[in-house]
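Asker: The following comprises the amino acid sequence and a computationally predicted model.
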Amino acid sequence: MITFELFKDWFGIIGNGCLLAISIYVFWRTFISKKIIFSGFSTHTAIIGGNSISVTVENKTLSPIVMTSICILAGDSFKIEIKNFDIPEILKPLSAKRYTTDPFSEISEAIDFSDLHKYSKEKRLRIEIHTSSGYLFDTFNPYHGQYGRKAEKIPLHTRYTKIYNGVIISPKIKYAIHLELPDRSEANFYLLSSGNFYKPPFPISNYPDIENSTTQTVTDFIKKDIPSHNGTVGIRVNDLKKSIFTQKASISGKSSTHLKQNFTCKFVKIPIEKTPIDKNDVNTI
C-alpha cells in the first residue's frame, strides 16, 4: 500500500512537471522566441514576362499570424513591397509559406537585383511583416548590428510594370520589331540596350550605336540581314526607348507600389502583292 502511494505521488510530481514544461514551452514559443523566420530569398529576371522577388516566411509560434503586407528592407537604404493583401493572409502555426511579387519590369531608381543579393551576403537584408497586432522583423542571415533609422522612415521603392502588346517587357528593350514575311508568317523580336537582338527569326549582327539610333536606322540595319526571298516583307520598328516612367522614384509607404504603363502597337497587314504602302507606317523591302 505504501509503495502504491509513493508511486502515485511520484507519478503526480512527474505529471505536474510535464505540464509545467509544456506551459513553459508554450509561453516561450508565444512570447519569447522569434515569431517569424525569414528563411528563403530568391529573384528571377526575364527580358519578356517580368521579374519577380520571392521570400519564404516561417511562423514559429503556436498561433496563426494575420498578415496585411510583406516587405523586404535592404539595411536602412530602401524597402520593396513583396505583397499587399487586400484580404488579410493567415499564416498557420508552425508552418512556412513562399510569397512572390507580381511580375514587374523594374524597381524605381534602377535598383539592380545584385544589390539585393549583396545586402543578403552582408547580412543586412531583412523582412518586415505588418500584422494585425503590429510589425514583425527578421534578417535573412543572422545580424547583430543595429539599424540607424526606424523602418517606417526607410523609403519604399516602386515596382514598375511596362507592357507592350499585352506582354511585360524589360526596360532593356529599346525597340520592338515586327516582320511579316512572304509566306504570311509573322515574327516579333526586340533590340536591347546592349545592341543585341533578342530572339530574331534569322541571324542579325549586333547593332553598333544604340544611343544615336532611330526607327529608320534600325529598319535599315535589319534590312541588310534579311535572307533573300520572293515577294515583299513588311517591317515595322517601334521605339520604346523614349518610354520612361514619370513617377517619383521613392514614394510613401501608403501609396501604391505597383504602377503600370501600357504601350500597344497595332501592326499593319502587309500584302505579298506590291501595292502602295504608307512609308511613314511600314517600310517595304
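Answerer: Cool, got the structure. Numbering: from 1, shown residues only.
Asker: count of neighbours near residue 114?
Answerer: Neighbour count of residue 114, defined by other Cβ atoms under 10 Å: 9. (Glycine included, C-beta is placed from N, CA and C.)
Asker: So for the helix or strand encompassing it, mean pLDDT?
Answerer: If you go by DSSP states H and E, residue 114 is part of helix 113-121. Mean pLDDT, computed over helix 113-121, is 77.
Asker: buried sites along stretch 162-173?
Answerer: By 16 or more other Cβ atoms under 10 Å, the buried positions in stretch 162-173 come out as 162, 164, 168, 169, 170, 171, 172, 173.
Asker: for the residue nearest to the fourth one when sequence neighbours are not counted, which residues make a bridge with it?
Answerer: Put plainly, it is residue 169. Nearest-residue entry for residue 169: residue 162, 5.5 Å, with adjacent residues in sequence omitted and distances by Cβ to Cβ, 6 or more residues apart in numbering. Applying DSSP bridges to residue 162 gives these bridge partners: residue 261.
Asker: Over to residue 42?
Answerer: residue 54.
Asker: That one contacts residue 72, correct?
Answerer: No - counting by Cβ atoms under 8 Å, residue 42 sits too far from residue 72 to count as a contact (11.5 Å).
Asker: which residues do the two both contact?
Answerer: When Cβ atoms under 8 Å, 6 or more residues apart in numbering defines a contact, the residues bordering residue 42 and residue 72 alike are residue 53.
Asker: which one of those two has more residues nearby?
Answerer: More crowded of residue 42 and residue 72, by other Cβ under 10 Å: residue 72, with 22 against 15.
Asker: pLDDT averaged over the helix or strand that contains residue 219, what's the number?
Answerer: Taking DSSP H and E as the definition, one finds residue 219 inside helix 215-223. Averaged across helix 215-223, pLDDT comes to 90.
Asker: Please look at the residue nearest to residue 169 and residue 176 and confirm they touch.
Answerer: No - assessed by Cβ under 8 Å, residue 162 is found out of contact with residue 176, at 11.4 Å.
Asker: Quick one: mean pLDDT over the longest strand seen in the chain.
Answerer: Counting residues, the longest strand found in the chain (DSSP state E) is strand 78-91. Averaging pLDDT along strand 78-91 gives 93.
Asker: For that strand, what is the distance to the chain centroid?
Answerer: Strand 78-91 sits 13 Å away from the centroid of its parent chain (Cα atoms, centre = their mean, to the nearest Å).
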